[in-house]
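generate coordinates for the sequence data below:
(chains A and B)
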There are 2 protein chains.
Amino acid sequence: MKIHDISVSISAAMPVYPGDPAVSIEPVLQIAKGDDANVSRLSFGNHTGTHLDPPAHFVPGGKSVDQLNLSTLFGPARVVDLTRVQTAITADDLERARIPKRAVRVLCKTRNSELWARAGFQKDFVAFAWDAAQWIVDRGIRLIGIDYLSAESFGASEPKTHRVLLNAGVIVIEGIDLRNVAPGNYTLACLPLKIKDGDGGPARAILIEE
Amino acid sequence: MKIHDISVSISAAMPVYPGDPAVSIEPVLQIAKGDDANVSRLSFGNHTGTHLDPPAHFVPGGKSVDQLNLSTLFGPARVVDLTRVQTAITADDLERARIPKRAVRVLCKTRNSELWARAGFQKDFVAFAWDAAQWIVDRGIRLIGIDYLSAESFGASEPKTHRVLLNAGVIVIEGIDLRNVAPGNYTLACLPLKIKDGDGGPARAILIEE
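Below is the predicted model of the structure:
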């Protein structure tokens, strides 16, 4: 068994979506200053780095991150190769991506994963066109992952992709790093912090290869 | 397959270890106020609620939470019944707890789990006596869990339990809630946020029952 960590590191230097809070990590107790232990304070947006979008992110009264079904967040997942897509993933792209008919969890590996090597937020990431979002819903996929900070193209005039996915209760994982993962079948464990009424959930995500 | 969530909810109302930062969750964007989405800022200590202690918490130069071996954080785990212990778990208590000889991950269910029903921090929780910590190390256990906010008795004159465990590289999970979990065998997934150089890691922890 091999475990692949597909989470990005949380630090003050990480890229953050424009408008989201900056990441701050400050020491509270320090052994170097005579304290018994090291303890830090962490302050960040709940859509920082590798994280989940629950319905409550866009749907008033929608399920919050602590209410998500854990059986969707753990189980078989397919990583698909969409590295040739340049701007937005369309329904046609997904149709050709060899997604098994009954797939519940699909993670999209795109050229985005290479963007993690660049400092600062990158606007030119690949996201889902709204017809791709509708395809995902129609296909019965319950969890979809994308390898940069949003499922929606930067500067979209309205957040149609998010609304299509979240209104249908599809769990969206954003901010995974698939650079070192080959397309194929894995077991996914994507566990967000259990934030009460949370509209987003910073998460650790791993892929288990049997 | 059944999944048990053994994590506690993160909210401003949750109990926090004395001296640790308070938990704050504040809205940044709100649909109710005309924004497209809901986004919040979360500020808390990295030893809040269900969390991991990596060596760096007590050992200068020790491994930080982002450096922990994921193969220790996912795999077979034994939940043992120590609900009769009133003050501190001793080596004798562990000797009698029917822990399998080759157990790698052990979660201790104590009367602590009932403390989660009480508001505010509770000082009279059950922790590990230092001889229990030494027993855990000698037995080759790599991950130990306790169901309240510290592995160390409150007000201990020195943090001997933490030092014994963390110097030996044992991963300590604190703040799990085992109220609804029966003693026995499970698969544990305990995934902490990947905080760069983190001296602690807020985590989501689940037990998978086959």
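
relative to whatever helix or strand A:Pro202 lives in, what are the paired strands and their orientations?
Using DSSP states H and E, A:Pro202 sits within strand A:201-209. Here strand A:201-209 has these sheet partners by DSSP bridges: strand A:2-5 (antiparallel), strand A:51-53 (antiparallel), strand A:184-192 (antiparallel).

any chance of those strands in CSV with distance to A:Leu165 as columns?
To be clear about C-beta, it is placed using only N, CA and C from the backbone, and glycine gets the same treatment. Formatted as CSV, those follow (distance: least, C-beta to C-beta, whole Å):
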stretch, distance to A:Leu165
strand A:2-5, 24
strand A:51-53, 8
strand A:184-192, 15
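
partner residues bridging the spatially most central residue of chain A?
Closest to where the C-alpha atoms of chain A average out (C-alpha atoms, centre = their mean) is A:Glu174, at 1.8 Å. Partner residues in beta bridges with A:Glu174, using DSSP bridges, are A:His51, A:Ile146.

give the contact list for it.
A:His47, A:Thr50, A:His51, A:Leu52, A:Asp53, A:Gly145, A:Ile146, A:Tyr148, A:Leu149, A:Ser150, A:Ala151 (C-beta atoms under 8 Å, 6 or more residues apart in numbering or on different chains).

what's the answer for A:Ala13, then?
Each residue near A:Ala13 by C-beta under 8 Å, 6+ apart is listed here: A:Ala119.

does it lie in a helix or a strand, and which?
Using DSSP H and E, A:Ala13 falls outside every helix and strand.

phi, psi for the residue lying farthest from the centre of chain A please.
Of all residues in chain A, A:Gly34 has its C-alpha farthest from the mean position, at 39.3 Å, by C-alpha atoms, centre = their mean. The phi and psi torsions at A:Gly34 (degrees, to the nearest 10) take the values phi 100, psi 0.

chain A: helices as residue ranges?
For chain A, the helices defined by DSSP state H cover A:70-73, A:91-95, A:130-138, A:160-167.

got a markdown table for those helices, with mean pLDDT too?
Below are those laid out as a markdown table (pLDDT from 0 to 100):
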| stretch | mean pLDDT |
| --- | --- |
| helix A:70-73 | 98 |
| helix A:91-95 | 98 |
| helix A:130-138 | 98 |
| helix A:160-167 | 98 |
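
these: which one's closest to chain B?
Comparison of the helices of chain A against chain B by C-beta to the nearest C-beta identifies helix A:70-73 as nearest, at 4.4 Å.

ok, and what's touching that closest one?
Contacts of helix A:70-73 (C-beta under 8 Å, 6+ apart): A:52, A:104-105, A:142-143, A:171, A:188-192, B:1, B:3, B:5, B:206.

the same query, at a cut-off of 6 Å, please.
A:Arg142, A:Leu143, A:Ile171, A:Cys190, B:Ile3, B:Ile206 (C-beta atoms under 6 Å, 6 or more residues apart in numbering or on different chains).

do the same with stretch A:189-208
A:3-7, A:46-48, A:50-52, A:56-57, A:64-66, A:73-74, A:173, A:176, A:186-188, B:7, B:9-11, B:38, B:40, B:70, B:189, B:191, B:193-194, B:202, B:204.

if any of those are buried, give me the ChimeraX selection for them.
In ChimeraX, a selection of the buried entries from the contacts of stretch A:189-208 looks like this (16 or more other C-beta atoms under 10 Å in any protein chain shown):
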select /A:3,4,5,6,7,46,47,48,50,51,52,56,57,64,65,66,73,74,173,176,186,187,188 /B:7,9,10,38,40,70,189,191,193,194,202,204
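
return the residues of chain A in contact with chain B.
A:3, A:7, A:9-11, A:21, A:28, A:31, A:36-43, A:45-47, A:57-58, A:60, A:66, A:70-71, A:159, A:189, A:191, A:193-196, A:199, A:202, A:204, A:206 (C-beta under 6 Å from any C-beta of the partner chain).

mind listing which of these are in strands?
Residues of the residues of chain A next to chain B located in strands (DSSP state E): A:3, A:28, A:39-43, A:45, A:189, A:191, A:202, A:204, A:206.

could you give me the average pLDDT of stretch A:2-16?
Averaged across stretch A:2-16, pLDDT comes to 98.

equivalent analysis for stretch A:178-185, please.
Stretch A:178-185 comes out at a mean pLDDT of 98.

export that stretch as PDB, just CAs?
This file holds the C-alpha atoms of stretch A:178-185, laid out as PDB (Å, rounded to 0.1, in the frame of the first residue of the first chain):
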ATOM      1  CA  LEU A 178      -1.900  16.000  -8.400                       C
ATOM      2  CA  ARG A 179       1.600  16.600  -9.800                       C
ATOM      3  CA  ASN A 180       2.900  13.300  -8.400                       C
ATOM      4  CA  VAL A 181      -0.100  11.200  -9.000                       C
ATOM      5  CA  ALA A 182      -0.700   9.100 -12.100                       C
ATOM      6  CA  PRO A 183      -4.300   8.800 -13.600                       C
ATOM      7  CA  GLY A 184      -6.000   5.700 -12.300                       C
ATOM      8  CA  ASN A 185      -8.000   4.200  -9.500                       C
END
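
before we move on, the earlier item: out of the contacts of A:Glu174, who's nearest chain B?
Looking across those and measuring by C-beta to the nearest C-beta, the closest to chain B is A:His47, at 5.8 Å.

the closest one: what's its closest spatial neighbour, skipping adjacent residues?
A:Gly200 (4.3 Å; C-beta to C-beta, 6 or more residues apart in numbering or on different chains).

so what's the residue count around the one you found?
Per other C-beta atoms under 10 Å in any protein chain shown, the neighbour tally for A:Gly200 reads 28.
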